[in-house]
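*Asks:* sharing a model prediction with you, sequence too.
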Amino acid sequence: MVQAPEKDGTTLNKFEKFKAEKDGLAIKDELDHFAQIGWEAMDKTDLEHRLKWVGVFYRPVTPGKFMMRLRVPNGIISGEQMRVLGEIVQRYGDDGNADITTRQNLQLRGIRIEDIPDIFQRLKSVGMTSVQSGMDNVRNITGSPMAGLDADELIDTRELVQKVQDMITNCGQGNYQFSNLPRKFNIAIEGGRDNSVHAEINDIAFVPAYKKGELGFNVVVGGFFSAKRCEAAIPMNVWVRPNQEVVDLCQGILEVYRDHGLRANRQKSRLMWLIDEWGIEGFRTRVANHLGYALATAAEKDAIDWEKRDHLGVFPQKQEGLSYIGLCVPVGRLFADDMFDFARIAEVYGSGELRLTVEQNVIIPNIAAENMATLLTEPLLAKFTPNPAPLQRALVSCTGAQFCNFALIETKNKAVDLINQLDAELNIPRGVRMHWTGCPNSCGQPQVADIGLMGTKARKDGKTVEGVDLYMGGKVGKDAHLGSCVQKGIPCEDLKSVLTSILIEQFGATPKG
């Protein structure tokens, strides 16, 4: 169902025009045809835009080799599912790999259009989908990575996250009710005490809170990053119980945003711009009126009172005799053999389950105590260690120019090379979270980092070179807040010396040897 995008006669931008011509989700019925004719014969708008409604992304920097973004609700994936994904990328040789994203998700690379129908059948056979994972849709819904495992957990988010995804995607079949939002939309449900999902950067986030002794969620809204503006989510003054109320509120907010969100200027189409126009009380009233019932006011304070955990290492679960192990996957990059090994290890030592984190790492839960010592000898743990060096431990990166045409610099490879040098040369007494992003779209979230690096072009010796803008001061966990840009246009070739000075002067690092 295509929604009328304008109510005031404003000229439609090109995105609203092509969405009005054909809903992006309609592309799901044309995939067999595209596989037969090939990508070069496709309509340009179908190729570059509408394919994203089924999670398939054309990349000009790798023509003919597509990216596929999945949906992995709450970051939970089975060994069987991981093995199937490994088989998919394996067929593409050196072109094939997978990236763990900052939304507990997976993106596959090297995909060929002629293989899409077969790939979708493979995904369906193991209960996975990529529907509505790009463009103006709700992105992967994040939840606590320790859901159901943590003895200190407040609310198990797994069922709620799945129910919200099912509502939005019609149980993975595709849902025209939510296939034409004004822009992308992020939802997170936190169940622990340490704000593991970065609630403050989501359009809707549910944060545990006690109201008159009853445990539920306070709701914050409007958080987002874009090239023009970055804002932390603000309180909606709403409290909901951890049941269908969560799903209903998500649906109500999405429908109000769909029908009233700003569409003329895509730079002003995120939810916060609508909240700005109406005011937070006006927005709350509109949502309540749309739902047809009064919304409970928020609890006085939320229950986020821990600093952020990274879950790397070995930790006991609330289930007696079981533990989980968190493994560091530098910048989230996996290849087919890695995926096969993760699947095997999860099945041999655990319950066949894997968990992805917003830090782009992997958790293997449900490991019996008697099996942990043997697991620690697995060769995979030499590559993805549970005890990484300080900077490697908290490194996050977006895709970068290797695969993304928006990126102004390469990020993943550059980030890994640089922090390996810094870890080798410096004693760093505490964790330092370093985030890289290739462009102002901020997929790598530099604003939440201790040290954030945003790709740009810089000048050196009269020449244009790759560079970064430097962000500092981001805080996660309790009392989370966004950092700010403190220096612009640092040439990448000068970055090592700049970061060395910052680490020594502000984070207590000392030179080794």
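*Replies:* It's in. Only a predicted model underlies this, so the values are computations on that prediction, with no experimental measurement involved.
*Asks:* any idea how far the residue located most distally from the centre of the chain is from residue 427?
*Replies:* Among residues of the chain, the one most distant from the C-alpha centroid is residue 513; the distance is 38.9 Å, by Cα atoms, centre = their mean. Remark: distance between residue 513 and residue 427 (Cβ to Cβ, to the nearest Å) = 10 Å. Yep, even glycine has a C-beta here, placed from its N, CA and C like the rest.
*Asks:* I'd like to know which elements the helix or strand harbouring residue 32 is packed against.
*Replies:* Assigned by DSSP states H and E, residue 32 belongs to helix 31-37. Counting contacts by 3 or more Cβ pairs under 8 Å, 6 or more residues apart in numbering; DSSP states H and E, helix 31-37 packs against helix 116-125.
*Asks:* please identify the buried residues of the helix it packs on?
*Replies:* Within helix 116-125, the residues scored as buried using 16 or more other Cβ atoms under 10 Å are 116, 119, 120, 122, 123.
*Asks:* assign the residue positioned nearest the centre of the chain to helix, strand or coil.
*Replies:* Nearest to the mean C-alpha position of the chain, counting by Cα atoms, centre = their mean, stands residue 103 at 1.8 Å. Of the three states, residue 103 takes coil under DSSP: H, G, I helix; E, B strand; the rest coil.
*Asks:* got a list of what it touches?
*Replies:* Residues in contact with residue 103 (Cβ atoms under 8 Å, 6 or more residues apart in numbering) are 139, 140, 142, 186, 358.
*Asks:* do I have it right that the second one meets residue 106?
*Replies:* No: taking contacts as Cβ atoms under 8 Å, residue 140 lies outside contact range of residue 106: 9.1 Å.
*Asks:* quick check: neighbours shared by those two?
*Replies:* Counting by Cβ under 8 Å, 6+ apart, the residues touching both residue 140 and residue 106 are 70, 72.
*Asks:* more neighbours: which of the two?
*Replies:* Neighbour count, other Cβ atoms under 10 Å: between residue 140 and residue 106, residue 106 has more, with 27 against 24.
*Asks:* who does the more buried one bridge with?
*Replies:* residue 100 (DSSP bridges).
*Asks:* quick one: it and residue 72 touch, right?
*Replies:* Yes: with contact defined as Cβ under 8 Å, residue 106 reaches residue 72; the gap is 5.9 Å.
*Asks:* what is in contact with these two at once?
*Replies:* residue 356.
*Asks:* about what we covered before: out of the contacts of residue 103, list just those in strands.
*Replies:* Secondary structure from DSSP state E places residue 142 of those in strands.
*Asks:* next, format the contacts of residue 103 as a markdown table and append distance to residue 229 and pLDDT.
*Replies:* Formatted as a markdown table, those follow (distance: Cβ to Cβ, whole Å; pLDDT from 0 to 100):
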| residue | distance to residue 229 | pLDDT |
| --- | --- | --- |
| 139 | 18 | 98 |
| 140 | 23 | 98 |
| 142 | 22 | 98 |
| 186 | 15 | 98 |
| 358 | 22 | 96 |
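*Asks:* the helices in the stretch 101-250 of the chain, which residues?
*Replies:* 116-125, 158-169, 244-260 (DSSP state H, counting those that start in this stretch).
*Asks:* and those: which comes nearest residue 66?
*Replies:* Comparing the helices of the stretch 101-250 of the chain against residue 66 with Cβ to Cβ, the closest turns out to be helix 116-125 (8.1 Å).
*Asks:* what pLDDT, on average, does the closest one get?
*Replies:* Average pLDDT, helix 116-125: 98.
*Asks:* one more: stretch 279-289?
*Replies:* 98.
*Asks:* next one: stretch 437-451
*Replies:* Here the average pLDDT along stretch 437-451 is 89.
*Asks:* still on that earlier bit, identify the farthest-apart pair in the contacts of residue 103.
*Replies:* Counting by Cβ to Cβ, the most remote pair of these is 139 and 358, 12.2 Å apart.
*Asks:* what about those two, which has more around it?
*Replies:* The neighbour count for residue 139 versus residue 358, taken as other Cβ under 10 Å, is higher for residue 358 (24 against 20).
*Asks:* pull the number of nearby residues for residue 405.
*Replies:* 13.
*Asks:* in this protein, where is pLDDT below threshold?
*Replies:* Applying pLDDT under 70 to the chain picks out residues 1-10.
*Asks:* next up, the contacts around residue 434.
*Replies:* Applying Cβ under 8 Å, 6+ apart, the residues near residue 434 are 391, 394, 395, 396, 415, 419, 449, 450, 451, 452, 453.
*Asks:* bridge partners for the third one, pull those for me.
*Replies:* It stands for residue 395. Beta-bridge partners, per DSSP bridges, of residue 395: residue 434.
*Asks:* residue 155: which of the contacts of residue 103 is nearest?
*Replies:* Nearest to residue 155 among the contacts of residue 103, with distances taken as Cβ to Cβ, is residue 142, at 14.1 Å.
*Asks:* surely that closest one touches residue 72?
*Replies:* No: the pair residue 142 and residue 72 does not pass the contact test of Cβ under 8 Å, sitting 9.5 Å apart.
*Asks:* so what sits against both of those two?
*Replies:* Joint contacts of residue 142 and residue 72 (Cβ under 8 Å, 6+ apart) are residue 104.
*Asks:* more neighbours: these two, which one.
*Replies:* Comparing residue 142 with residue 72 by other Cβ under 10 Å, the one with more neighbours is residue 142, at 31 against 27.
*Asks:* who's in contact with that one?
*Replies:* Contacts of residue 142 (Cβ under 8 Å, 6+ apart): 74, 75, 103, 104, 161, 186, 187, 188, 189, 197, 202, 358.
*Asks:* so it bridges to which residues?
*Replies:* On the basis of DSSP bridges, residue 142 is bridged to residue 188.
*Asks:* hang on, isn't residue 362 packed against residue 354?
*Replies:* Yes: with contact defined as Cβ under 8 Å, residue 362 counts as touching residue 354 (5.9 Å).
*Asks:* which of these two has more neighbours?
*Replies:* residue 362 (28 against 25).
*Asks:* sorry, back to before: dump the helix holding residue 32 to PDB, restricted to CA.
*Replies:* Output of helix 31-37 as PDB, limited to C-alpha atoms (Å, rounded to 0.1, in the frame of the first residue of the first chain):
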ATOM      1  CA  LEU A  31      13.600 -11.300  -8.800                       C
ATOM      2  CA  ASP A  32      13.400 -14.300 -11.100                       C
ATOM      3  CA  HIS A  33      13.100 -12.000 -14.100                       C
ATOM      4  CA  PHE A  34      16.100 -10.000 -13.000                       C
ATOM      5  CA  ALA A  35      18.100 -13.200 -12.500                       C
ATOM      6  CA  GLN A  36      17.400 -14.100 -16.100                       C
ATOM      7  CA  ILE A  37      18.100 -10.700 -17.800                       C
END
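*Asks:* after it comes which helix or strand?
*Replies:* Once the chain leaves helix 31-37, the next helix or strand it forms, by DSSP H and E, is helix 44-48.
*Asks:* contact partners of that following helix?
*Replies:* 18, 27, 30, 34, 39, 58.
*Asks:* for the residue nearest to residue 378 when sequence neighbours are not counted, give me its contacts.
*Replies:* Distances taken as Cβ to Cβ, 6 or more residues apart in numbering place residue 345 nearest to residue 378, at 6.0 Å, with adjacent residues excluded. Residue 345 is in contact with 364, 375, 378, 380, counting by Cβ under 8 Å, 6+ apart.
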